[in-house]
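Asks: coords below, sequence missing:
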């Protein structure tokens, strides 16, 4: 299982460029695997901090994505909307980081992250 974080600033969303496989070089929501002894909530706090240098202040589960085709390891994803503090800086698994307008996301998004972002904005506009 994995977690992904939606971090919004105005009408922009924070994405990281993946430094590692799978989907190396593609843009993605910050996130990653849940450790064996970790809750979903703690995993999203850890992953956001590791990949973006941001501190999660608040988070709310918004959806679970379970399509067998969403990830090469058939990974389920719990998606959280997070409120953060700090200045973003590309971290451990991120080659780059940036805020993107929802209407002009990079073409090369990893996994099903375009669908996740589209679903989020459809429900929250």
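Replies: Arrived safely, thanks for sending. Every value quoted in this text rests on a predicted model; they were computed, and no experiment measured them.
Asks: longest helix of this structure?
Replies: helix 40-52 (DSSP state H).
Asks: after that helix, next one along is what?
Replies: Proceeding N to C from helix 40-52, the next assigned helix or strand is strand 55-65, under DSSP states H and E.
Asks: mind listing what's buried along that next one?
Replies: Neighbour-count burial for strand 55-65, with 16 or more other CB atoms under 10 Å as criterion, is recorded at 56, 59, 62-63, 65. For the C-beta atoms, the positions are set from N, CA and C on the backbone; glycine is no exception.
Asks: ok, now which ones touch the most centrally placed residue in the chain?
Replies: With distances taken as CA atoms, centre = their mean, the chain has residue 29 as the residue nearest its mean C-alpha position (2.5 Å). Remark: with contacts taken as CB atoms under 8 Å, 6 or more residues apart in numbering, residue 29 is in contact with 4-6, 13-16, 79, 113, 116-117.
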